[in-house]
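Student: Okay, sequence plus prediction incoming.
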Amino acid sequence: MVVPIELTATGCVIVVSFWGWLAVKVIDQGRKLVELGERISSQEKVCGERLDWLRLMEHKLITVGEDTAAICGKLEIDREPRD
């Protein structure tokens, strides 16, 4: 069976076009993966900074609570009647 040259050329054009399109899509997906990785890294950094800030605030609140308790204890001692 003999295949006309026009049909073979058309088939080659279609196959080459498909592989070209596929290569472009693969490269585009790679670019998107890199962007996603960068976004994840930046979010991890932001989350780390927020966690550090929350720990600092927790420490300050504990310190304020301890200082307040000490002041209240001191006031209670001063209020006790002396014999």
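Tutor: Okay, I see it. Residues are numbered from 1 along each chain as shown.
Student: quick one: average pLDDT of stretch 66-83?
Tutor: Averaging pLDDT along stretch 66-83 yields 81.
Student: what's the answer for stretch 10-21, then?
Tutor: Mean per-residue pLDDT for stretch 10-21: 89.
Student: Going forward, the N-terminal residue is numbered 15.
Tutor: I'll keep to 15 as the first residue from here, and by that count the last item is stretch 24-35.
Student: now that stretch, how far from the chain's geometric center?
Tutor: Distance of stretch 24-35 from the chain centroid (Cα atoms, centre = their mean, to the nearest Å) equals 40 Å.
Student: Repeat that for stretch 52-65.
Tutor: 5 Å.
Student: Measure how buried Q57 is and give me the count.
Tutor: By other Cβ atoms under 10 Å, the residues close to Q57 number 10. Where C-beta positions appear, they are placed from N, C-alpha and C, glycine not excepted.
Student: Quick check, pLDDT for the residue nearest in space to the middle of the chain.
Tutor: Residue closest to the mean C-alpha point of the chain, counted by Cα atoms, centre = their mean, is Q57 at 2.9 Å. The model reports Q57 with a pLDDT of 94.
Student: Can you tell me the element it falls in?
Tutor: Element membership for Q57 (DSSP states H and E) is helix 19-93.
Student: name the helices or strands packed onto that helix?
Tutor: Contact partners of helix 19-93 among helices and strands, from 3 or more Cβ pairs under 8 Å, 6 or more residues apart in numbering; DSSP states H and E: none.
Student: if I look at the residue nearest to the centre of the chain, how far off is R93?
Tutor: Distance of Q57 to R93, given as Cβ to Cβ, to the nearest Å: 53 Å.
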